[in-house]
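Visitor: Just to be clear, the model below is a prediction. Sequence and coordinates:
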Amino acid sequence: MAYRKKNGSLYSILILVCVIGFWLFENFYTPATYSNSDKEPISNEFPKELLPSSTTGEIVNHEYFTLSYNEPYEQAEWVAYTLDKSHLTYDDRKRPYFIEDPYVSSKSADWRNYKGSGYDRGHLLPAGDRRFSLQAYNETFYTSNISPQDREFNAGIWNDLEQQTRRWAKQYGTLYVFTGGVLESGLEEIGQEDVDVPDAFYKIIARKKGDKIYTLSFLMPNKPQFTSLRNFVVSVDEIEKETGIDFFAQLSEKQQSAFEGSKNTTGWKF
């Protein structure tokens, strides 16, 4: 009887140790970095002349994307990346931990802000666009690359747009993509760090043909949508008005005026 009681107590202690160990691992362990070194990456393949303005001056280059971080909202105001048809592989990648971005001066928001919030940790640069490289894939799990998204929106119309963007990359070869949430005052906030929940998300897709730039832009409410992507097409000018960001800021006014006011979908097969 005493032997059984002793074993029962031992098993209880082991279970308690395991539970505590799992909780500590889940809540406090994160890898140090997903980048190649402890020095900030200098550049990537995104053309500098196509980068938007930054309302904060906090521009961060990773090996496979660039972002502008907005600390008061605890997320990127835009993420810019190149999507080429050669990037679209089906490599099987193990989903890593979300970790803070070590190259954001204030560090990006902790992923635990999203726990129990009811919102997805929505990728801005989709992990599925970066399966061609382990580092490229892992970099998309910096929390500087996520924003709170309604779950049905994330898995629904937003996913549809990401899939369609991949089809355009296969068709046209190289796309330049800008995406983010519309950050404004009065938004709902989640977590201890008050991560803001955008009411809407945008995506601008650009391609070059000779000296000309063709764009297609979308602005979507952050809630379930059951309609065609075409119903969310807007002009670049409209997104600039909503966000206060100057896209294609380094191009001349004449070059920008040639395409920023257009909502023309000609040449973009849905």
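Guide: Yep, it's here.
Visitor: okay, which residue is most central for this protein?
Guide: Note on the chain: the residue nearest the mean C-alpha position is L124, at 1.8 Å, using CA atoms, centre = their mean.
Visitor: so what pLDDT did that residue get?
Guide: Per-residue pLDDT puts L124 at 98.
Visitor: And the helices in the chain?
Guide: Counting by DSSP state H, one finds helices in the chain at the ranges 2-28, 134-139, 151-155, 157-172, 236-243, 253-257.
Visitor: Where among those is average confidence lowest?
Guide: Among the helices of the chain, helix 2-28 scores lowest, at a mean of 51.
Visitor: Run through the stretch 1-150 of the chain and note the low-pLDDT ranges.
Guide: In the predicted model, the stretch 1-150 of the chain carries pLDDT under 70 at residues 1-32, 37-43.
Visitor: All the strands of it, in order from the start?
Guide: All strands of the stretch 1-150 of the chain, identified by DSSP state E, counting those that start in this stretch, fall at 59-61, 66-70, 75-84, 119-123, 146-150.
Visitor: Could you point out which of those sits nearest I99?
Guide: Checking the strands of the stretch 1-150 of the chain against I99 by CB to CB gives strand 146-150 as the closest, at 10.9 Å. C-beta coordinates here come from the backbone N, C-alpha and C atoms, glycine included.
Visitor: Does anything pack onto that closest one? Which helices or strands?
Guide: Judged by 3 or more CB pairs under 8 Å, 6 or more residues apart in numbering; DSSP states H and E, strand 146-150 is in contact with strand 75-84, strand 119-123, strand 195-197.
Visitor: in its sheet, what does the first one sit against?
Guide: Taking DSSP bridges as the criterion, strand 75-84 pairs within the sheet with strand 66-70 (antiparallel), strand 174-181 (antiparallel).
Visitor: buried sites along the longest one?
Guide: Okay, so that is strand 174-181. Residues 175-181 are the ones in strand 174-181 that count as buried (16 or more other CB atoms under 10 Å).
Visitor: swap in the shortest one?
Guide: By neighbour count, and taking 16+ other CB under 10 Å as the criterion, the buried residues in strand 66-70 are 66-70.
Visitor: Grab the nearest non-local neighbour of N113.
Guide: Spatial nearest neighbour of N113, chain neighbours left out: G191 (2.4 Å); criterion: CB to CB, 6 or more residues apart in numbering.
Visitor: which ones are touching that neighbour?
Guide: Contact analysis of G191 by CB atoms under 8 Å, 6 or more residues apart in numbering lists 109-110, 112-115, 117.
Visitor: Which of the residues you listed has the largest number of neighbours?
Guide: Counting neighbours by other CB atoms under 10 Å, A109 comes out on top of the contacts of G191 with 29 neighbours.
Visitor: Touching, it and Y142? I think so.
Guide: No: contact status for A109 versus Y142: not in contact, 10.6 Å apart, counting by CB atoms under 8 Å.
Visitor: Overlap of the contact sets of the two?
Guide: With CB under 8 Å, 6+ apart as the test, A109 and Y142 both reach E100.
Visitor: Any idea how many residues pack against N231?
Guide: 10.
Visitor: same question, E63
Guide: 16.
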